[in-house]
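Engineer: Okay, predicted coordinates and the sequence, questions at the end:
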Amino acid sequence: MNDVGNISGNSGRTLVFVHGRDFKPRAEEFMDLSVAALATGISRDYPQLNDQLHALDKRLAYYGDLTDEFLVGKGRRFDETLDIGDRRNALIQLKAIEKKKNFGVNRYDRLPGKTAMGEFAADVFAPVLGKLGFSNKLLAHVGADLVEYWNKKSEFPHQIRARVRSAICDALDGNNQVLLISHGTGCIVAYDVLWQLSHVPEFADTYQSRKIDLWLTLGAPLGDSMVRKRILGARRKGVTKYPSNVVSWHNVSAEDDFVSHDNTLADDYKEMLKLKLVSCIRDYRIYNMAVRYGKSNPHSSLGYLAHPRTAQIIADWLQQAPVEQVPTSIF
């Protein structure tokens with residue numbers, strides 16, 4: 001299965017969504033739920049933009065079948081029907097929050113099973129991760145599939161990046177305004193692909209000058225020091241160290257989301273601004289109201305996508321005038 005789950009539109013704008021690690025349901029189901037979560041936030045706060053959201057060309061950079069197969073091979077079990085049902089229930093509860101003012105700390109503190117650490121304890125692969133030298137905070141919510149992604153001898157990372165690269169390149173080929181949304185460790189993959197498109201000759205010859213209009217990272221671990229040592233380009237200096245194909249970068253991190261425990265990226269990537277590789281990097285802190293399997297889940301993509309801050313960022317993007325492509329040379 002390749003990057004299926006596309007929803008066509010004709011607005012001159014394209015949304016590409018890159019999901020994170022762990023088991024994922026089928027692409028069509030996952031995409032439908034993700035779009036429904038986005039629509040929940042827009043309908044709640046900006047109902048006048050419903051038609052514009054619907055008109056977007058929407059693409060899912062899907063590699064869930066690869067991670068599912070890998071994790072099953074490691075002895076993990078996945079009940080897809082139950083997972084889809086629980087995601088739907090989580091979305092129903094998010095839709096029930098009718099006012100954006102109710103996404104504050106008071107309601108968040110009343111969510112069932114809310115805890116900063118306990119809900120992630122079962123997902124720790126401490127012996128393996130300890131040998132790799134990961135930071136203790138990131139240890140709380142990473143697993144074997146991320147370890148394999150950083151395995152230089154494995155085909156796994158190349159296969160995943162190829163899926164994400166295909167979706168992004170297809171969007172850029174359409175000459176539309178592109179909104180890239182990535183969640184969790186999918187932000188690592190997205191970063192690596194953006195770096196490849198900027199600096200690897202095989203791709204850069206075509207895509208170096210093509211821009212992602214807005215990159216929205218949700219629950220990103222890109223501020224973690226160990227992650228920053230492993231992303232592509234980490235050992236380089238100057239302009240070749242970073243992607244050069246993003247206009248604006250907005251980063252949203254939730255309280256108690258230990259995947260994004262270092263929740264500010266503007267400080268870690270400020271050199272991109274000095275080098276004029278990006279126009280802005282902005283950080284936002286939120287409370288994720290998602291409940292999965294009866295417990296607060298501050299890392300849930302549905303909670304991020306339905307949040308008022310995400311809705312505001314997307315609404316601002318939908319309402320801004322398109323930027324015309326400027327010729328690289330003037331005769």
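Structural biologist: Structure's in. What do you need?
Engineer: Who are the packing partners of the strand or helix carrying residue 71?
Structural biologist: Using DSSP states H and E, residue 71 sits in helix 64-73. Applying 3 or more Cβ pairs under 8 Å, 6 or more residues apart in numbering; DSSP states H and E, one finds that helix 64-73 contacts helix 27-45, helix 144-149, helix 156-173. Placement of C-beta: from N, CA and C, glycine included.
Engineer: looking at the ones you listed, which has the lowest confidence?
Structural biologist: Here the helices and strands packed on helix 64-73 differ in mean pLDDT, and the lowest is helix 144-149 at a mean of 89.
Engineer: Check the offset of it from the chain's centre.
Structural biologist: 17 Å (Cα atoms, centre = their mean, to the nearest Å).
Engineer: Does anything pack onto it? Which helices or strands?
Structural biologist: By 3+ Cβ pairs under 8 Å, 6+ apart, helix 144-149 packs against helix 64-73, helix 126-132, helix 156-173, helix 186-199.
Engineer: Now the first one: buried residues?
Structural biologist: For helix 64-73, the buried set under the neighbour-count rule, 16 or more other Cβ atoms under 10 Å, comprises 64, 66-68, 70-71.
Engineer: Show me which of those is closest to residue 101.
Structural biologist: Nearest to residue 101 among the buried residues of helix 64-73: residue 64, at 34.6 Å, using Cβ to Cβ.
Engineer: dump the residue contacts of the closest one.
Structural biologist: Counting by Cβ atoms under 8 Å, 6 or more residues apart in numbering, residue 64 makes contact with 19, 23-27, 30.
Engineer: What of residue 70?
Structural biologist: Residue 70 neighbours (Cβ under 8 Å, 6+ apart): 144-145, 148, 156.
Engineer: Output stretch 193-209 as PDB, nothing but the C-alphas.
Structural biologist: Included here for stretch 193-209 are C-alpha records, laid out as PDB according to Å, rounded to 0.1, in the frame of the first residue of the first chain:
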ATOM      1  CA  VAL A 193      12.400  14.400   3.800                       C
ATOM      2  CA  LEU A 194      12.400  18.200   3.700                       C
ATOM      3  CA  TRP A 195      16.200  18.100   4.200                       C
ATOM      4  CA  GLN A 196      16.600  15.500   1.400                       C
ATOM      5  CA  LEU A 197      14.500  17.700  -1.000                       C
ATOM      6  CA  SER A 198      16.700  20.600  -0.100                       C
ATOM      7  CA  HIS A 199      20.200  19.100  -0.300                       C
ATOM      8  CA  VAL A 200      20.300  15.600  -1.900                       C
ATOM      9  CA  PRO A 201      21.100  16.200  -5.600                       C
ATOM     10  CA  GLU A 202      18.700  13.400  -6.700                       C
ATOM     11  CA  PHE A 203      15.800  15.500  -5.300                       C
ATOM     12  CA  ALA A 204      17.100  19.000  -4.900                       C
ATOM     13  CA  ASP A 205      17.600  19.600  -8.600                       C
ATOM     14  CA  THR A 206      13.800  19.600  -8.900                       C
ATOM     15  CA  TYR A 207      12.500  20.500  -5.500                       C
ATOM     16  CA  GLN A 208      15.000  22.800  -3.700                       C
ATOM     17  CA  SER A 209      13.200  25.900  -4.900                       C
END
